[in-house]
Structure formats: structure tokens, C-alpha cells
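Student: here is my input; please provide its structure:
(one chain, ligands or ions: 2)
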Amino acid sequence: MPSHSPYLTPLSRTPGPRSRVLVLGAGNFGSCLADHLADSEHDVFMWSREGDLVEHFNKHHRNLRYLKDHEFPKRIQAIGPELPSSTFIKGIDVVLFAIPTEGVRVTLDKLRPSLDANNPPLLIFVNKGIETSTNQLTLEIIADTCGKDIARVAAFLSGPSFAKEIVKRQPTMVSIASLSDEHAEKATAVFHQPWFRCYTGNDPIGVELAGALKNVYAIATGIADGLGYENNTRASLITRGLAEMTRVGTAYGANPLTFLSLAGVGDLFLTCSSSSSRNYTVGHRLGKGETLEEIIRTLGSVAEGVTTAKGLHAIVAELGVEAPIATSVYDVLYGAGKNVDTAVRELMEMPPSKELDLPEQAGTPLRRLMKKLGLPVDRRLSA
Ligand SMILES: NC(=O)c1ccc[n+]([C@@H]2O[C@H](COP(=O)([O-])OP(=O)(O)OC[C@H]3O[C@@H](n4cnc5c(N)ncnc54)[C@H](O)[C@@H]3O)[C@@H](O)[C@H]2O)c1
Ligand SMILES: O=P(O)(O)OC[C@H](O)CO
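Tutor: Ligands and ions are numbered 1, 2, ... in the order given. The predicted model follows:
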């Protein structure tokens, strides 16, 4: 059972249809969602590439490396280190990808021969990043590796959701988006519980961009906090970060309103203001004077903002939008050792500008993607 405070009333489960779910990844988020899904009475198989973790999990119902204090339900079966066979996958209703974005393409490539394009399992992605070698979002990676039939129905779950709070059944709310309304609803039916409310949407590109970009802005607020700046500075950075995210997202073709959703401002606020965030922590430690290499070596878990800052830098250049905070984070991480204090000063010394300005030309990357998927662009475009 989840470990609640004795003063909180645990929210009770709503019965729903039972699915056979394969969770790929047994890190903080994969194992936390496996826990949630098992508690929602689904049959859960959790794959990890780490053989020792699989063996230990099945024996002790505990994760060797992540969420170590939590006892997991016995109905989760860990599998690995090899990916499951085609026959196994044919019996699965839902495949949940809970691995970092950098691992998605190679994993999809391996799984593709097992996926029936006419009747694929429901594919749900929770990673929050941009692939560094291509600067692509996950929906674009899916279109490349699995083709349009699968990309058109993939679903994306995102929003303010620290794994360690979900395993305590702290009330949590997330966005679930897909180009297919039917599949966004199907994914919601798998996850929705009174302690885990899911809101559906049809802007997966916006949801993905919001989830990936907020990690970069969390590094920025962490840096400012680490340097010793206080509340005004953090609130300003979050707000200007939201303006940047919305500008980049709109130029990409996302709906600007998506940035006001749980996946947008909800997750931005959470990640930029809590030391539970790994991305914020990376920034905070940079602000305190540690090197990026040392921080990554000792973090023990992925902070996707570090790689996403590269992809975002390239996208901002391609789209020709203003994103000074993202540029500063990129310069600190990768730009010839730019000093964090100099980066903050340069941001503050920029000339005054309009507060809210969205790009007039919007949607080139989305147009490209929708053409590839054989879908009409008009109803998805923001401008
Ligand atoms: N931790 C959270 O609270 C949280 C919340 C929401 C979303 N996310 C997102 O979920 C994704 C996973 O994060 P996490 O917190 O579980 O990270 P983690 O570092 O805790 O675990 C990562 C897991 O993925 C596996 N992995 C790493 N690279 C892989 C590859 N190339 N191929 C296969 N497996 C690989 C690792 O072995 C590990 O099991 C990230 O994109 C993250 O942004 C995390
Ligand atoms: O720990 P972080 O910074 O990867 O953030 C985790 C989640 O994305 C919060 O929703």
C-alpha cells in the first residue's frame, strides 16, 4: 500500500477495464507508473535493460536503484534485460515508454517488427525531451520509425508529476494528448483515477514541446536560485520562460493555449520551483559553482533539460524566434564556459521589448509532419 500521512484520507480506486500493460523503463517514472497501473488493477510487466534490477525486483518487490524506499505491488512482473518477444507483445494492450528521449528511436526500431500497424497496442509516451541528433520531438521519431498509422494514434502523457509523490498517491493531474481523440480517451481510461486525474487534448506537439522546454527553464531558475537571487527573480524567469515556450511552440505549430495547460504552465511551475526536480537541481548546483560534468556524474538519474537545451537551441535558430533565456542556458552548458553570473547579467541588460508577442509565421514543422502523416493541417494550426 502507498505510504500516506495518517492525517490524509487516501482517495479510493475507481474500477475500470483491465489491460495488459508493458512499461518500458524501470527508472523513477517507469516504476512509479507501473505502481500506479498495478494499483489500478491492470496486469503490469515492467521491462528494464538492467538485469540485476529485474532479478532483485521480482524477489523483493523493491527497485534496486530508484524509489528505493517504496514497496511495489506483487502483481508487477519485471522483465529484461532483453526486450520481450513478438509473441509476448501481441498479447499486450498498452506499451508505455518511460525511458529518456535519447533511447526512444532505438527502442522503437527494435519493437517495430512486433507492432501490427493495423492493430497496434496503444502506445503512450511520457519522456520529456528533444532528440539531440535530429532535433526532433517523439511524435516525429515515431513517424520516422513506425510510419504514419502508428504516429497518428500515439498518445503523450505529461504534466506536473514527480514520481516520488505519485507513489504516495498525492493528488496529481496530467494532460494526455493524441492526434486521435479516440486514442487520447483510451489512454485516459487506462490511467485515470481519483488520485490521478487525466485531461485529454489533441495537441501532442504542444504537450511534447511544453514538457521538454520546461526542463530548460528549470535549469535557468535553478541557476538563479543557486547564485542567491530570490523570489522576484524566480517568478520573473518562470513567467518569461512561459512567454518563450509559447513563442517557440506557436512557431512550431502548437496551439498557444496548450502552454496554459497542466503540461504547460503546470509543469513549468512545478519544475522551476522545487529542489525535487533534477533539472532545477542541475541549475542550482551550476549556480553554486559546480561543473556540469561533476553534476551529471553524481546526479544518479536523467535530467533531460541538459540535452534538450541543445535541441531547443537548434529549433530556435531554425524558426528564427527570440528565446534569450534558452540561449543563455545553452551558452552556460555548451558555450565556451560562459559564466552563470554573466549569463544572468546579460539577460537583465537586454533592451526593453514587448511583453507578449507571438510569431506571425507559424507552423512550418507541424505542416511538414501533418503532410507526412497524411492528415489535414488546418484544424491543428494555431495561426
Ligand atoms: N521522474 C519523474 O518524476 C518524471 C516525471 C515525468 C516525466 N519524466 C520523464 O520520464 C522519462 C524517464 O525519466 P525517469 O525519471 O524514469 O529517469 P531515470 O533516470 O530515473 O530512469 C531512466 C530509465 O530509463 C532507462 N534507460 C535510459 N536510457 C535508456 C535507453 N537508451 N534504452 C532503454 N532504457 C534506457 C534506465 O535504465 C532507467 O530504467 C524522462 O524523459 C523524464 O523526463 C520523469
Ligand atoms: O525531475 P525533473 O526535473 O526531470 O522533473 C520531473 C517531472 O518532469 C516533473 O513533472
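Student: for Lys214, which non-adjacent residue is closest in space?
Tutor: Nearest non-adjacent residue to Lys214, counting by C-beta to C-beta, 6 or more residues apart in numbering: Leu268, 4.2 Å away. C-beta coordinates here come from the backbone N, C-alpha and C atoms, glycine included.
Student: distance of the one you found from Ala343?
Tutor: The gap separating Leu268 from Ala343 is 19 Å, by C-beta to C-beta, to the nearest Å.
Student: can you check Cys198 too?
Tutor: 37 Å.
Student: who's more crowded, the two?
Tutor: Per other C-beta atoms under 10 Å, whichever of Cys198 and Ala343 has more neighbours is Ala343, with 24 against 21.
Student: list the helices and strands the helix or strand hosting the more buried one packs on?
Tutor: Taking DSSP states H and E as the definition, Ala343 sits inside helix 340-348. Contact partners of helix 340-348 among helices and strands, from 3 or more C-beta pairs under 8 Å, 6 or more residues apart in numbering; DSSP states H and E: helix 204-227, helix 324-334.
Student: what about stretch 24-44 and ligand 2, touching?
Tutor: No: using C-beta under 6 Å from any ligand atom, stretch 24-44 never reaches ligand 2; the gap is at least 7.5 Å.
Student: what is the end-to-end distance of that stretch?
Tutor: 11 Å (C-alpha to C-alpha, to the nearest Å).
Student: buried residues in it, which are they?
Tutor: Across stretch 24-44, burial judged by 16 or more other C-beta atoms under 10 Å covers 24-40, 42-44.
Student: among those residues, which are in helices?
Tutor: 28-39 (DSSP state H).
Student: so which of those residues is the closest to Ala189?
Tutor: Ala189 lies nearest to Leu37 out of those, by C-beta to C-beta, at 12.0 Å.
Student: residue contacts, Thr101?
Tutor: With contact set as C-beta atoms under 8 Å, 6 or more residues apart in numbering, Thr101 has these partners: 127-131, 138, 212, 304, 307-308.
Student: if we go to 6 Å?
Tutor: Applying C-beta atoms under 6 Å, 6 or more residues apart in numbering to Thr101 gives the contacts 127, 129, 131.
Student: distance of it from Ser275?
Tutor: Distance of Thr101 to Ser275, given as C-beta to C-beta: 23 Å.
Student: flag every residue of this protein that's near ligand 2.
Tutor: Applying C-beta under 6 Å from any ligand atom, we find that the chain lies next to ligand 2 at 128, 160-162, 215, 218, 267, 270-271, 277-279, 303.
Student: where neighbours are concerned, which of the residues you listed has the most?
Tutor: With neighbours taken as other C-beta under 10 Å, the top of these is Ala218, carrying 32 neighbours.
Student: still on that earlier bit, turn the helices and strands packed on helix 340-348 into CSV, columns for mean pLDDT.
Tutor: Formatted as CSV, the helices and strands packed on helix 340-348 follow (pLDDT from 0 to 100):
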stretch, mean pLDDT
helix 204-227, 98
helix 324-334, 97
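Student: deepest of the ones you listed, which one?
Tutor: helix 204-227 (a mean of 29; mean count of other C-beta atoms under 10 Å).
Student: off-centre distance for that one?
Tutor: Relative to its chain's centre, helix 204-227 lies at 11 Å (C-alpha atoms, centre = their mean, to the nearest Å).
Student: the chain should start at 724 in everything you say after this.
Tutor: Got it, the first residue is 724 from now on, which makes the last one we talked about helix 927-950.
Student: what's the burial count for Leu1081?
Tutor: As a burial measure, Leu1081 scores 15 neighbours (other C-beta under 10 Å).
Student: hang on, I meant Leu745
Tutor: Leu745: 24 surrounding residues under other C-beta under 10 Å.
Student: could you check how far Leu1015 is from Leu1056?
Tutor: 6 Å.
Student: close to ligand 1: what parts of this protein are there?
Tutor: So far as C-beta under 6 Å from any ligand atom goes, the chain lies against ligand 1 at 748-753, 771-773, 789, 821-826, 830, 849-852, 884-886, 1024-1025, 1027.
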